[in-house]
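>>> Here is my input, please return the structure:
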Amino acid sequence: MFSRRILAAIILLSTGVSLAIACGPFFPWQLFDNRVETFKAAPVNSFVFQAVKIAPSPTDKLKAIGSDAPDALPKAEAVGLSAAQSTLLQQIRTDATGDQAYQQGASLPESIRLYAGGAIDFHQKQLAKAQQRFEAVLKVPGSDQLRATWAAYMLGRIDALNGDPDQAAQEFQLTRQLAIHGAPDPLGLAVASYGEEARLHLNRAKSDLLQKDRRPKDCVADCRRELVAAISLYAEQAARDSTSGIDSLREVAKLLLQPIDQVRPYALLNATIEDPIVQKLVVAYGQAYFKTEGVDSPVSQNGGVCNSGLTDAAAHLAWPDQTAALAYQSGAYDLARILADRVHSPLASWVKAKLALQRYDLKAAAAFYAEASHGFPPTQLTHNLDDDNRKRLVGETGALVLARGEYVQSLKYLYPVADTYWGDVAYIAERVLTSDELKNFIDANVPAPAIARSQDDQAQQGFIWNANKAARLRDLLARRLVREQRYADALPYFHSQQDKNFENPKVREDVTAYAQALHTAHHSWLRINRARGWYDAAVLARKSGMSMMGYETQPDYFVNSGGLVGGYGQENPGRSWVTDGELARFDASKPKVELRLHYRFIAANEAIQAADLLPPRSQAFAAVLCHATNWMKATAGIVKDQAPATVIADQLYQRYLKEGAYIPWGKQFGRICWHGQSHQGELLEPRSDCGCPEPDFESAARLPRALFIRQTRHFVSVHRWPLFFAGIVFLISAVGLVLRGHRRTA
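Got it, this is the predicted structure:
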């Protein structure tokens with residue numbers, strides 16, 4: 001009795017006395033959003049993952065089969081029949097009586113004729129007649145077993161309806177035996193029979209509970225026997241991947257933890273807790289569905305339970321590591337330590353790592369994390385932790401390595417789980433590592449993925465979230481190198497032209513053209529060519545800036561195609577579990593233009609550089625400023641903080657008014673005409689039939705000479721008589737000087 005009380009105390013302390021229902025485990029997209037909570041959070045397997053492991057792994061081949069589809073029954077009935085026989089069977093199933101169906105099905109196998117008639121009898125509530133036909137199915141001689149499992153299953157249901165649970169249980173057991181020995185079971189009735197038999201035991205347990213003279217405290221033996229039998233059968237059903245079995249286990253766990261007796265509120269749990277299968281069920285349920293407040297001192301709870309008592313009782317727990325995780329989850333840290341120390345498993349090592357982190361013992365925590373993730377065979381890791389937890393374990397290891405200042409090693413841990421924790425991978429790759437560190441890591445660990453060439457050049461555009469993680473990380477590096485003006489280095493890392501998950505298949509061509517345009521802008525001897533170079537670079541930066549140089553996270557959010565802000569990366573890594581070195585690297589990698597869609601501002605600045613080199617009275621000067629104004633107005637219509645773009649647009653327009661010449665299209669200067677409307681800014685592009693014309697650089701090149709000629713003619717026309725007399729005077733003076741020279745020579 002004392003042992004039972006101790007075991008119940010462990011479970012109750014682990015799940016928490018208040019038993020506050022939560023919505024289950026939560027695995028965030030990013031581990032770095034709140035590193036304190038990341039390291040504190042308990043490893044929690046899902047209920048489904050745990051439920052299918054309560055019973056031993058099946059040695060038979062029985063599998064659950066979903067039968068919710070409308071055509072599930074016709075397909076199952078057609079097994080072993082010809083097309084004509086299948087059609088006939090569907091026809092006789094609509095007959096009015098079982099006798100008619102049996103007579104009409106003379107060309108069908110005998111077992112199918114009998115079962116079809118019995119099924120109609122059953123639905124018409126003629127149970128005795130249906131029972132006779134189903135029993136006859138089991139007596140059909142020879143190899144005709146097409147409906148043997150069906151008949152045995154239905155006999156079990158009839159016996160249950162007739163109030164004979166013992167006989168019903170035998171029929172359900174026969175259903176499984178027939179299926180195991182080869183009788184067809186296309187509907188998965190053998191696995192369903194586990195649930196039907198379990199229900200018999202559960203109903204008897206509930207019946208005992210509802211009797212006024214048999215309170216839970218009085219029906220220990222009977223309730224325990226029936227509940228354990230029900231749980232065992234439901235667990236067998238769940239172990240064969242039955243959703244119904246998993247749902248039933250969930251309901252039984254609620255019953256065990258339901259405080260239905262005021263004197264002993266957890267009497268059912270106390271009555272059954274010594275059975276290992278009950279322990280497993282309650283721990284699985286508690287991990288998945290209970291959110292508890294911390295228990296300050298579990299060893300002093302429940303009537304003075306002592307440390308030695310907890311330790312001794314822990315030795316009898318079926319799942320000490322799972323219970324340790326549950327104890328840690330509820331804040332019962334002493335209990336979690338006792339339980340984790342008694343077992344060697346990935347989950348136990350993980351709990352020890354969490355406890356070491358509480359002591360800020362990074363060395364011990366790292367050792368336990370390494371043991372949890374690498375110290376066990378892969379099969380044990382898979383059996384001990386569900387898929388989310390296995391990824392979480394690797395991700396937390398990477399977070400701890402980052403907290404220790406091992407930046408490249410952190411990315412090495414996180415990259416394998418990049419599909420889950422992409423925001424954390426992007427943060428390290430873009431804001432923590434130097435570009436050369438990232439490049440070296442990718443060269444050593446992330447080869448370019450093979451992309452199959454689509455036979456259809458018009459293949460539907462995909463989404464960046466569907467792209468291969470290798471392609472995404474390499475593309476992130478390429479864009480970072482472009483921002484650092486390392487254009488040639490960047491080209492090999494851009495995504496493949498055949499990868500439809502990226503929006504710009506010609507990004508390499510755009511980067512090459514961008515680099516050439518900037519080279520011209522800086523090094524051409526001709527002023528007009530430098531202006532043309534700046535403008536060409538500006539246009540490329542505006543139209544292809546996201547794919548060429550966009551930040552993966554803030555401020556551009558390439559990860560969301562620029563249309564959504566937030567959810568990835570870190571605007572501020574905080575101070576907890578963050579080294580000074582990481583903070584220094586974060587500051588060093590700060591965007592030079594900390595504005596969303598920063599490349600548009602770069603484009604506007606490059607357009608201004610072009611305008612500075614153009615004659616202010618030229619059409620090209622006005623057109624370049626017009627385009628830059630347009631870009632800033634469009635940006636202001638997308639970003640949340642509109643002020644910077646609006647200010648620049650206004651400054652550009654004022655400069656045109658002050659320096660530029662009159663142009664016929666001046667009224668539509670910087671005007672925006674959209675193709676359509678969309679909440680995702682990068683999908684909006686202005687039409688070409690309104691707004692700004694293309695700059696005429698050829699005319700701008702000729703303009704200084706033309707202006708000189710024009711100004712000269714104007715000056716001559718205004719001052720022609722003074723110039724005429726000045727010319728006469730100059731001519732007379734010149735002639736006089738010549739004659740004077742001749743006289744001296746003579």
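>>> contacts and neighbour counts: CA atoms only from here.
Fine.
>>> Tell me how this protein divides into domains.
As assigned by automatic domain parsing, the chain contains the domains 405-449+464-596, 697-745.
>>> Now tabulate the ones you listed in a markdown table and tack on mean neighbour count.
A markdown table is the format used below for these (neighbours: other CA atoms under 10 Å):
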| stretch | mean neighbour count |
| --- | --- |
| domain 405-449+464-596 | 20 |
| domain 697-745 | 12 |
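>>> any chance of those domains in a markdown table, plus distance to residue 203?
As requested, the domains of the chain are exported to a markdown table (distance: least, CA to CA, whole Å):
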| stretch | distance to residue 203 |
| --- | --- |
| domain 405-449+464-596 | 43 |
| domain 697-745 | 90 |
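>>> Confidence-wise, which of those is weakest overall?
Of all those, domain 697-745 carries the lowest average pLDDT, namely a mean of 65.
>>> circling back: out of the domains of the chain, which gets nearest to residue 615?
domain 697-745 (6.6 Å; CA to CA).
>>> picking that back up, and of the domains of the chain, who's closest to residue 45?
Once these are compared by CA to CA, domain 405-449+464-596 is nearest, at 16.5 Å.
>>> what about the closest one, start to end distance?
Terminal residues of domain 405-449+464-596 are spaced 30 Å apart (CA to CA, to the nearest Å).
>>> Burial check on residue 325, number of neighbours?
31 (other CA atoms under 10 Å).
>>> Next: residue 139.
13.
>>> For it, give me phi and psi.
Phi and psi for residue 139, reported as degrees, to the nearest 10, are phi -100, psi 0.
>>> so how far is residue 106 from it?
18 Å.
>>> do the same with residue 484
83 Å.
>>> Would you map the helices across the stretch 601-746 of the chain?
619-636, 643-659, 697-718, 720-745 (DSSP state H, counting those that start in this stretch).
>>> again with the stretch 301-450 of the chain
Using DSSP H, counting those that start in this stretch, helices in the stretch 301-450 of the chain cover 301-304, 307-314, 320-329, 333-340, 346-358, 362-374, 378-384, 387-403, 407-414, 422-427, 435-445.
>>> from those helices, which stretch is densest packed?
helix 320-329 (a mean of 30; mean count of other CA atoms under 10 Å).
>>> What are the contacting residues of stretch 575-592?
By CA atoms under 8 Å, 6 or more residues apart in numbering, the surrounding residues in contact with stretch 575-592 are 35-36, 402-405, 430-434, 555, 573.
>>> Show the end-to-end separation of it, please.
First residue to last in stretch 575-592 (CA to CA) measures 23 Å.
>>> what distance separates it from the centre of its chain?
When C-alpha coordinates are averaged (CA atoms, centre = their mean, to the nearest Å), stretch 575-592 and its chain have centres 26 Å apart.
>>> how many neighbours does residue 637 have?
13.
>>> Kindly report the same for residue 135.
Residue 135: 18 neighbours (other CA under 10 Å).
>>> which of the helices of the stretch 301-450 of the chain has the lowest average pLDDT?
helix 301-304 (a mean of 36).
>>> Show the contacting residues for residue 106.
residue 113.
>>> That one looks like it's in a helix, true?
No: checked against DSSP: H, G, I helix; E, B strand; the rest coil, residue 106 lies outside a helix; its state is coil.
>>> Please tell me how far it sits from residue 149.
21 Å.
>>> dump the residue contacts of residue 528.
Neighbours of residue 528 in contact, by CA under 8 Å, 6+ apart: 613, 614, 697, 700, 701.
>>> and these as a markdown table, adding distance to residue 602?
Shown next, in a markdown table, are these (distance: CA to CA, whole Å):
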| residue | distance to residue 602 |
| --- | --- |
| 613 | 17 |
| 614 | 19 |
| 697 | 21 |
| 700 | 24 |
| 701 | 25 |
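>>> so where do the strands sit in this structure?
20-21, 290-291 (DSSP state E).
>>> quick revisit: check the contacts of stretch 575-592 and tell me the two furthest apart.
Longest span within the contacts of stretch 575-592, CA to CA: 404 and 555, 27.4 Å.
>>> for the protein, which residue is closest to the average position?
Of all residues in the chain, the one closest to the mean position by CA atoms, centre = their mean is residue 420, 5.3 Å from it.
>>> That residue and residue 389 touch, don't they?
No: between residue 420 and residue 389 there is no contact under CA atoms under 8 Å: 11.3 Å.
>>> Residue 628 versus residue 649, what's the distance?
Distance from residue 649 to residue 628, by CA to CA: 7 Å.
>>> Which of the two has more residues huddled nearby?
residue 628 (29 against 25).
>>> check contacts around the more buried one.
Contacts of residue 628 by CA under 8 Å, 6+ apart are 603, 604, 607, 608, 649, 652, 670.
>>> Where does pLDDT dip in the stretch 101-250 of the chain?
By pLDDT under 70, the low-scoring segments of the stretch 101-250 of the chain are 209-220.
>>> what about 90?
Low-confidence segments of the stretch 101-250 of the chain (pLDDT under 90): 101-108, 141-146, 204-225.
>>> and stretch 156-172, which residues are buried?
156, 157, 158, 159, 160, 165, 167, 168, 169, 170, 171, 172 (16 or more other CA atoms under 10 Å).
>>> possible to save these as TSV with distance to residue 61?
Below are those laid out as TSV (distance: CA to CA, whole Å):
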residue	distance to residue 61
156	22
157	23
158	26
159	27
160	26
165	26
167	25
168	23
169	21
170	20
171	20
172	17
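>>> State the pair within those residues that is farthest apart.
158 and 170 (12.1 Å).
>>> So which of the buried residues of stretch 156-172 is the closest to residue 125?
residue 158 (9.9 Å).
>>> I figured the closest one was touching residue 131, is that so?
Yes: shown here, residue 158 and residue 131 form a contact pair, counting by CA under 8 Å, at 7.1 Å.
>>> re the thing from before, could the contacts of stretch 575-592 be laid out in CSV, adding distance to residue 206?
Below are the contacts of stretch 575-592 laid out as CSV (distance: CA to CA, whole Å):
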residue, distance to residue 206
35, 46
36, 45
402, 54
403, 53
404, 55
405, 58
430, 60
431, 60
432, 60
433, 62
434, 65
555, 60
573, 54
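>>> And the helices in the stretch 1-150 of the chain?
2-15, 35-40, 47-51, 72-77, 83-92, 98-104, 110-123, 127-138, 148-161.
>>> Go through those helices and name the closest to residue 239.
Nearest to residue 239, of all the helices of the stretch 1-150 of the chain, is helix 47-51, at 7.4 Å by CA to CA.
>>> For the closest one, give me every contacting residue.
So helix 47-51 is contacted by 235, 238, 239, 246, 249, 281, 284, 285, 287, 288, 386 (CA under 8 Å, 6+ apart).
>>> Over to stretch 433-452?
Residues contacting stretch 433-452 (CA under 8 Å, 6+ apart): 407-408, 429, 468, 470-471, 474, 477, 480-481, 493, 496, 498-499, 585.
>>> which two from the residues you listed end up farthest apart in space?
Farthest pair in the contacts of stretch 433-452, by CA to CA: 498 and 585, 34.8 Å.
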